[in-house]
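Chemist: Sequence and predicted structure, then a few things I'm wondering about:
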Amino acid sequence: MQGSLPPLEIVLLAAGQGQRMASSRPKVLHALAGRPLLAHVLETARSVHPRAIHVVYGHSGELVRAAFATESVNWVLQAQRRGTGDALAQALPVIAADARVLVLLGDVPLLTPGTVQALLDTAPDRLTLLTFLAESPNQYGRIVRDAGGLVARIVEWRDATPEERDLREVNSGILVAPAADLKRWVPRLTADNAQGELYLTDIVALARAEGAPVAAIHPLDPAEVDGVNARTDLARLERIYQRRAAHRLLDAGVQLSDPSRFDLRGTLDAGRDVVIDINCVIEGHVHLGDRVCVGPGCLIRNSTIGADTRIEAYSVIDGADIGHHAAIGPFARVRPQTRLGPNTRVGNFVEAKACVMGEGSKANHLSYLGDSDIGAHVNIGAGVITCNYDGVHKHRTVIGDHAFVGSDTQLVAPVKVGAGATIGAGSTITKDAPDGELTLSRSSQKTVAGWRRPEK
């Protein structure tokens, strides 16, 4: 049946200013689960494989276009805000008459592909609305049905009578219709209403006046069609999104200590028996191997964590690749381009950046390891830092297998510590240290007899 259907084109209305957001950013650029609202809607739009996607933009439109510069969409400017009917009118000239047109809203981010497909499948040859039963209808447009129960028209709240305002079935603003019908109806819209705008919803009455039936379906969950008009809406939808994400992970076998205190702002691939404690945030694309355990308050972004690794409390892992049976934290920071081998240890208040650490190596306390290549089974003492930046360039430190770097050592890059070398505590190493030898640099210790500390 799908093959015989007219080609689908999508018009995504994203021109609203969002004054109630009290923001200088366009509303569709505000983030839900770490991505702009518009990104969520575009993802849903692509799921039904349209021939084309047309995005109608307006307020601060250059910011919207810049944020989605890599998207293969047709940008349509609505220069003046004259209502939803006018917004669609700007896109219709570039839509072929043989198409079906699906209208989506850029500030309705929770709509699922399943609901969109159901809307498309309901009545392929006529206007079909996505409506829902609202517990508190507020200022939604009301669905008015005739004596036979068919959709007769939509009346906006400001234009509704008290009896019409009591209706609970309301309009979501999402619809699908043949392009040929829209090209006939939209030019006939008038601004004879309380807001002085061209209401797209008035096409329902125009369709019925022609004797054309109008279909309507409901989403499985009314939250799918919740829109964002204020920051309170955005916060509410964030929790709905996160609740859904948490339950998908639970169903897949991930143990979340408290699903209400978990945030997914990207994608998470998890193996078996993964445990994630409270208040953790996952951003970008993250892979957690089998039996990974993540302690409370951790942030993991765009990283791969090997099996049986433990991430202790309040650690930040960003753009890193960590091997199996590693131990990270607590309070560790693992920065981009870091690769930690199996059985490695990066302990409390250790920061690693662009650091490659071989199997079994460890830095347990209070160290900075930047731009460094660390071999296998190396011990990094407390307070060790790689001095990798000369004010202009970054330089690398190379430490060979089985080296031992004593506490409070500064390794001034570029410098190499040989395999099996030992660096004495408190040293500043500016030249290469040979394999298997003890290297240290210390000033002579002396006592000043008779010295007295100043007193107030």
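Modeler: Received, thanks. Numbering: from 1, shown residues only.
Chemist: Next, the contact list for the closest residue to residue 395 other than its chain neighbours, please.
Modeler: Sequence neighbours aside, residue 413 is the residue nearest to residue 395 in space, at 3.7 Å (criterion: CB to CB, 6 or more residues apart in numbering). C-beta here means a position set from N, CA and C on the backbone, and glycine is covered the same way. Taking CB atoms under 8 Å, 6 or more residues apart in numbering as the criterion, residue 413 is in contact with 371-372, 386-388, 395-397.
Chemist: repeat that for 6 Å
Modeler: Contacts of residue 413 were listed using CB atoms under 6 Å, 6 or more residues apart in numbering, and they are 386, 388, 395-397.
Chemist: For it, give me phi and psi.
Modeler: Dihedral pair for residue 413: phi -70, psi 150, per degrees, to the nearest 10.
Chemist: Report the separation between it and residue 95.
Modeler: Distance from residue 413 to residue 95, counting by CB to CB, to the nearest Å: 60 Å.
Chemist: got the contact list for the helix or strand of the chain with the lowest mean pLDDT?
Modeler: In the chain, no helix or strand scores lower on mean pLDDT, DSSP states H and E than helix 162-165, which sits at a mean of 90. With CB under 6 Å, 6+ apart as the test, helix 162-165 has contacts from 142, 155.
Chemist: what comes up buried for that helix?
Modeler: residue 164 (16 or more other CB atoms under 10 Å).
Chemist: and that helix, how far from the chain's centre?
Modeler: Averaging C-alpha positions (CA atoms, centre = their mean, to the nearest Å) puts helix 162-165 40 Å from its chain's average.
Chemist: A helix includes residue 238, no?
Modeler: Yes - the assignment for residue 238 (DSSP: H, G, I helix; E, B strand; the rest coil) places it in a helix.
Chemist: Next, find the distance separating the residue nearest to it when sequence neighbours are not counted from residue 40.
Modeler: Closest residue in space to residue 238, ignoring its immediate chain neighbours: residue 32 at 5.9 Å, by CB to CB, 6+ apart. Separation of residue 32 from residue 40 (CB to CB) stands at 6 Å.
Chemist: Spell out which residues are contacts of both of these two.
Modeler: Counting by CB under 6 Å, 6+ apart, the residues touching both residue 32 and residue 40 are residue 109.
Chemist: quick revisit: now rank the contacts of residue 413 by neighbours and give me the top one.
Modeler: Counting neighbours by other CB atoms under 10 Å, residue 386 leads those with 27 neighbours.
Chemist: Beta-bridge partners for that residue, please?
Modeler: residue 411 (DSSP bridges).
Chemist: That one touches residue 373, doesn't it?
Modeler: No - applying CB atoms under 6 Å as the test, residue 386 and residue 373 come out as separate, 10.3 Å apart.
Chemist: Any idea how many residues pack against residue 230?
Modeler: By other CB under 10 Å, 14 other residues sit near residue 230.
Chemist: I should have written residue 287 there, sorry.
Modeler: Other residues close to residue 287 by other CB under 10 Å number 17.
Chemist: and it, that's in a strand?
Modeler: Yes - the assignment for residue 287 (three-state DSSP) places it in a strand.
Chemist: Run through the residues that contact it.
Modeler: So residue 287 contacts 269, 304 (CB under 6 Å, 6+ apart).
Chemist: And the pLDDT for it?
Modeler: On the pLDDT scale, residue 287 is placed at 98.
Chemist: how near is it to residue 330?
Modeler: 22 Å.
Chemist: Kindly report the same for residue 172.
Modeler: 46 Å.
Chemist: More neighbours: which of the two?
Modeler: residue 172 (25 against 16).
Chemist: Let me know whether that one touches residue 225 as I believe.
Modeler: Yes - with contact defined as CB under 6 Å, residue 172 reaches residue 225; the gap is 3.9 Å.
Chemist: would you list every one of the helices in the protein?
Modeler: Assigned by DSSP state H, the helices in the chain fall at 37-47, 61-67, 84-91, 113-122, 162-165, 179-185, 203-209, 231-251.
Chemist: pLDDT (mean, whole number) over the second one?
Modeler: Helix 61-67 shows an average pLDDT of 93 in the prediction.
Chemist: where does residue 80 land on pLDDT?
Modeler: Note for residue 80: predicted pLDDT of 87.
Chemist: Ok, the one 10 residues further on next?
Modeler: Looking at residue 90, its pLDDT is 96.
Chemist: cool, the one 10 residues further on as well?
Modeler: pLDDT, residue 100: 97.
Chemist: dump the residue contacts of it.
Modeler: Residues in contact with residue 100, defined by CB under 6 Å, 6+ apart, are 6, 8, 178.
Chemist: which residues touch the first one?
Modeler: Looking back up the chat, that one is residue 6. Shown in contact with residue 6 (CB under 6 Å, 6+ apart): 98-100.
Chemist: got JSON lines for these, with distance to residue 366 too?
Modeler: As requested, these are exported to JSON lines (distance: CB to CB, whole Å):
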{"residue": "98", "distance to residue 366": "68"}
{"residue": "99", "distance to residue 366": "64"}
{"residue": "100", "distance to residue 366": "63"}
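Chemist: Closest one of those residues to residue 254?
Modeler: Distance ranking of these against residue 254, using CB to CB, places residue 100 first at 39.2 Å.
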